[in-house]
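Student: Quick one: sequence plus predicted model below, questions after.
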Amino acid sequence: MSEWIGLIRSLIVYWRPGRQRGLRRLYATFVRDGDLVFDVGAHLGDRSVAFAALGARVIALEPQPRIAHWLRTLVGRNERIVVREEAVGARPGVEHLAISRLTPTVSTLSEPWRARAGQVNPGFRSVRWEESIQVPVVTLDGLIESYGLPSFCKIDVEGYEAEVLAGLSQPLAGLSVEFVSGQLDVAAACINRLRELGAYRFNAVVGEARDLTFDTWMSAEETLVWLESGAAGVASGDIYAVLERA
């Protein structure tokens, strides 16, 4: 029963009327017709569909078997979207995925993130991870070898974002990574990794909003200061990164 409640909750949040229009407006800044996009942590595919509506080819990765089944049901007929039932990490192989049936959006490969979640963020105190399964893991470098270099990569993997970027050895034109209050060190690690790969500028989206927060894009140093000061008390959101043109 709990997994059905979790699924229905996700459908209400991510497929509510009007959401697709806002997502397309947001992602039009980063994605153009004919581009390739990686959707890492695709969940039920709302963002994959937005990318595809902008004309992109989308590789949607979702390691949870039950969620991947519904992802295929929702987007499988879209010829622009390829669904892969895999996680993405620092190296190819197999990892343990902790699954929350009631809140599948917080299922995670990161044991440290899961262990700290309820202690540092009140929103996670009632979350339970009842199941652990082994899932196959690929890398961004491996995906690039198979499909080519994406113009944009969305990464939303509940505390495993830095490990995903550890499997990338070249800069991408645009990316987004999730951040969560109480565990902002994960986002900081992602920024530090990205500035090793290239010269990036950064912005943010708060929660499930569909607009960038800042009028001007920030440097890595400015973004780290914002995170270290508590990200203005924001509970969660996404950091967006764009590679500066030479």
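Tutor: Sure thing, it's come through.

Student: And the strands in this structure?
Tutor: Applying DSSP state E to the chain gives strands spanning 36-40, 57-61, 81-84, 87-88, 93-99, 131-138, 152-155, 174-180, 200-206, 236-243.

Student: okay, those strands in CSV with mean neighbour count, mean pLDDT and distance to L71 next?
Tutor: From N, CA and C alone the C-beta is placed, and that goes for glycine too. As requested, the strands of the chain are arranged in CSV below (neighbours: other Cβ atoms under 10 Å; pLDDT from 0 to 100; distance: least, Cβ to Cβ, whole Å):
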stretch, mean neighbour count, mean pLDDT, distance to L71
strand 36-40, 26, 98, 10
strand 57-61, 24, 98, 7
strand 81-84, 20, 98, 6
strand 87-88, 26, 98, 14
strand 93-99, 17, 97, 15
strand 131-138, 16, 97, 14
strand 152-155, 26, 98, 14
strand 174-180, 24, 97, 18
strand 200-206, 19, 97, 22
strand 236-243, 21, 97, 20
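
Student: Just send those strands back as a markdown table, with distance to G167 too.
Tutor: As requested, the strands of the chain are exported to a markdown table (distance: least, Cβ to Cβ, whole Å):
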| stretch | distance to G167 |
| --- | --- |
| strand 36-40 | 10 |
| strand 57-61 | 12 |
| strand 81-84 | 15 |
| strand 87-88 | 7 |
| strand 93-99 | 11 |
| strand 131-138 | 8 |
| strand 152-155 | 11 |
| strand 174-180 | 13 |
| strand 200-206 | 18 |
| strand 236-243 | 16 |
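
Student: Figure out which of those strands is closest to A162.
Tutor: strand 174-180 (8.3 Å; Cβ to Cβ).

Student: ok, residues contacting the closest one?
Tutor: For strand 174-180, contacts defined as Cβ atoms under 8 Å, 6 or more residues apart in numbering pick out 30, 117, 121, 151-159, 161, 165, 186-187, 190, 194, 204-205, 227, 231, 234-243.

Student: List the residues that contact the residue nearest to the spatial centre of the chain.
Tutor: For the chain, D156 is the residue whose C-alpha lies nearest the centre (Cα atoms, centre = their mean; 1.9 Å). D156 sits next to V40, G41, H43, S176, V177, E178, D238 when contact means Cβ under 8 Å, 6+ apart.
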